[in-house]
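1. After the sequence you'll find the predicted model.
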Amino acid sequence: MADPGYSSPLAEELAEDVLERFLRYVAVDTQSDPTSTTYPSTERQLDLSRLLVEELREIGLDDVELTEPGYVFATVPGTVDGAPTVGLIAHVDTSPAAPGDGVAPIVHRAWAGEPIVLPGDVAQVLDPDDMPGLAEKRGHDIVTSDGTTLLGADDKAGVAIVVTAAQKLLAEDAPRATARIAFTVDEEVGRGTDHFDLAAFGADFAYTFDGSGLGEVETETFSAYQLVLTITGVGVHPGTAKGRLVNALKLLADVIAALPREGLSPETTEDREGFVHPERLTGTASRATLWFIARDHDDAKLEEHVELVRGIAAAVVGREPRASFDLVVEEQYRNMRTALDRHPTIIEAAEEAIRRAGVEPVHSIIRGGTDGARLTEKGLPTPNLFTGGQHYHSVREWASVQDMAAAAATCVELVRLWGSVPVR
Ligand SMILES: [Zn+2]
């Protein structure tokens with residue numbers, strides 16, 4: 001028989017439980033909605049949260065509650081006096097970027113390496129020749145959607161990993177730290193921790209299980225601003241506008257035309273390169289508004305990107321003395337690296353737990369943010385760990401059962417490890 005690809009005996013032991021949970025959770029539509037003004041942004045997210053409350057009570061966790069803002073909190077009690085309290089976090093919502101209703105997962109057992117044609121839309125093919133991450137997983141059990149929806153491994157893989165690890169920890173006698181579990185809402189719309197009560201959660205530090213490929217430890221995110229540029233012109237009836245009308249839309253178009261394209265744009269950058277990205281606009285001839293996001297891993301460079309936009313707006317609008325502009329800069333999140341660098345043992349423990357799960361840790365940077373970045377900023381150091389899902393926010397999203405199981409084993413090893421190390 002071919003090697004099924006389990007990273008450790010513990011991963012193999014946990015695999016079917018992780019998969020069973022994962023398949024149940026993805027069937028619940030939990031898509032969040034960036035245009036909503038409620039919290040959580042969609043009521044349907046709580047369908048999964050309520051199911052999780054029931055399930056966590058059934059498997060015997062303590063202090064299981066659905067908090068008022070909609071987060072699930074629960075405790076795996078520790079067995080070692082003086083050990084720290086470790087937070088384990090995942091989010092229940094799925095991305096609004098692809099359909100999330102009626103997910104019909106398919107498990108491709110012992111995938112042999114052929115292109116995977118998704119039966120609900122045969123134009124959607126997972127071809128290992130175009131997907132190097134997938135090509136490495138020959139022999140694994142691969143889960144996909146039917147091609148008409150996203151899969152929801154982001155982040156139901158994380159939820160299934162944490163619940164499965166909690167059940168395993170409770171069932172064994174091994175020394176362990178206390179684990180506090182949180183399942184958040186609205187991560188995908190950037191509001192995942194808006195109402196997160198750190199004191200009530202009570203962890204000393206935490207890990208989000210919201211990463212991707214096998215072995216990833218993510219300690220570095222973008223720092224992020226939203227920029228809102230409003231240009232005010234002079235609105236006059238076009239029939240009598242000669243010499244008087246100043247068209248704000250044309251000025252806004254000039255600003256967009258002056259933005260860099262060969263670099264400093266998401267479509268032309270990678271790795272640590274930042275960007276400014278016009279996302280949305282609205283307006284009339286008399287007044288027009290453009291929303292940008294600005295991103296960089298380096299805070300000083302991020303400020304330069306903001307000044308670039310301000311400079312372009314000033315130059316364009318400055319040519320028309322009757323027009324004016326206003327630029328509002330709002331911080332969205334900060335690169336968590338600076339804060340995490342002050343707590344190297346939290347990262348080292350993650351690396352050691354990954355090794356104990358039979359996997360070599362890999363450091364990768366996030367071209368985006370995480371709940372962990374916001375929690376770190378609020379004072380709870382929270383790196384992000386892999387889940388085994390890939391190609392997120394797309395109908396071609398997929399997950400390896402073996403990699404999800406390796407992440408569940410990592411989660412168990414982490415809590416064991418923090419139960420065995422001296423507290424600092
Ligand atoms: Zn996620």
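-> That came through, no problem. Keep in mind the model is a prediction, meaning the values are calculated, not measured.

2. okay, CA-based contacts and neighbour counts for the rest of this
-> Fine.

3. Nearest to the spatial middle of the protein, which residue is it?
-> residue 370 (4.8 Å; C-alpha atoms, centre = their mean).

4. Could you report the separation of it from the ion?
-> Taking C-alpha to the ion, to the nearest Å as the measure, residue 370 falls 7 Å from the ion.

5. Quick one: the strands in the stretch 251-400 of the chain, in order.
-> 275-283, 287-296, 324-333, 362-365, 384-385, 389-390, 398-400 (DSSP state E, counting those that start in this stretch).

6. and stretch 168-187 with the ion, contact?
-> No - applying C-alpha under 5 Å from the ion, one finds stretch 168-187 separated from the ion by no less than 6.6 Å.

7. Isn't the residue nearest to the centre of the chain up against residue 187?
-> Yes - taking contacts as C-alpha atoms under 8 Å, residue 370 lies within contact range of residue 187: 7.5 Å.

8. In contact with residue 232, which residues are there?
-> 248, 286, 287, 288, 323, 324, 325 (C-alpha atoms under 8 Å, 6 or more residues apart in numbering).

9. Looking at strand pairing, list the partners for it.
-> For residue 232, the beta-bridge assignment (DSSP bridges) gives partners residue 287, residue 324.

10. okay, it: pLDDT?
-> We have a pLDDT of 98 for residue 232.

11. Distance check, it against the ion.
-> On the measure of C-alpha to the ion, residue 232 and the ion end up 38 Å apart.

12. separation between that residue and residue 149?
-> 42 Å (C-alpha to C-alpha, to the nearest Å).

13. One more: residue 243?
-> For residue 243 relative to residue 149 (C-alpha to C-alpha), the value is 53 Å.

14. repeat for residue 186
-> 19 Å.

15. same thing with residue 240?
-> The value you get for residue 240 to residue 149, if C-alpha to C-alpha is used, is 52 Å.

16. For these two, work out which one has more neighbours and name it.
-> residue 149 (23 against 9; other C-alpha atoms under 10 Å).

17. Could you double-check that that one sits in contact with residue 102?
-> Yes - counting by C-alpha under 8 Å, residue 149 touches residue 102, with 7.4 Å between them.

18. where's residue 10, which helix or strand?
-> If you go by DSSP states H and E, residue 10 is part of helix 9-26.

19. Outside of the helix or strand following that helix itself, list whatever touches it.
-> Per DSSP H and E, the first helix or strand lying C-terminal to helix 9-26 is helix 45-58. Helix 45-58 has contacts (C-alpha under 8 Å, 6+ apart) with 25, 28-32, 64-66, 70-72, 74, 92-93, 163, 183, 185.

20. can you check stretch 188-205 too?
-> 32-34, 69, 71, 73, 84-87, 91, 93-96, 179-180, 182, 184-187, 346, 371, 374-375, 380-382.

21. Alongside the ion, which residues does the stretch 151-300 of the chain contribute?
-> 154, 155, 210.

22. number of nearby residues for the last one?
-> So the one you mean is residue 210. 26.

23. That one touches residue 161, doesn't it?
-> No - at 10.2 Å, residue 210 does not count as touching residue 161 under the criterion of C-alpha under 8 Å.

24. joint contacts of those two?
-> Shared contacts of residue 210 and residue 161 (C-alpha under 8 Å, 6+ apart): residue 387.

25. partner strands of the helix or strand harbouring residue 65, parallel or antiparallel?
-> Assessed by DSSP H and E, residue 65 sits inside strand 62-66. Within its sheet, and counting by DSSP bridges, strand 62-66 is paired with strand 72-76 (antiparallel).

26. what about the strand it pairs with, average pLDDT?
-> Mean predicted lDDT for strand 72-76 stands at 98.

27. picking up where we left off before, will you turn the strands of the stretch 251-400 of the chain into JSON lines that also has mean neighbour count?
-> Formatted as JSON lines, the strands of the stretch 251-400 of the chain follow (neighbours: other C-alpha atoms under 10 Å):
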{"stretch": "strand 275-283", "mean neighbour count": "17"}
{"stretch": "strand 287-296", "mean neighbour count": "23"}
{"stretch": "strand 324-333", "mean neighbour count": "16"}
{"stretch": "strand 362-365", "mean neighbour count": "16"}
{"stretch": "strand 384-385", "mean neighbour count": "28"}
{"stretch": "strand 389-390", "mean neighbour count": "26"}
{"stretch": "strand 398-400", "mean neighbour count": "28"}
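
28. contacting residues for residue 4?
-> 110, 139, 140, 402.

29. Show me the strands in the stretch 51-200 of the chain, by range?
-> 62-66, 72-76, 85-91, 106-108, 116-117, 125-126, 142-144, 178-184.

30. buried set for stretch 190-204?
-> For stretch 190-204, a neighbour-count test (16 or more other C-alpha atoms under 10 Å) marks 190, 191, 192, 193, 194, 196, 201, 203, 204 as buried.
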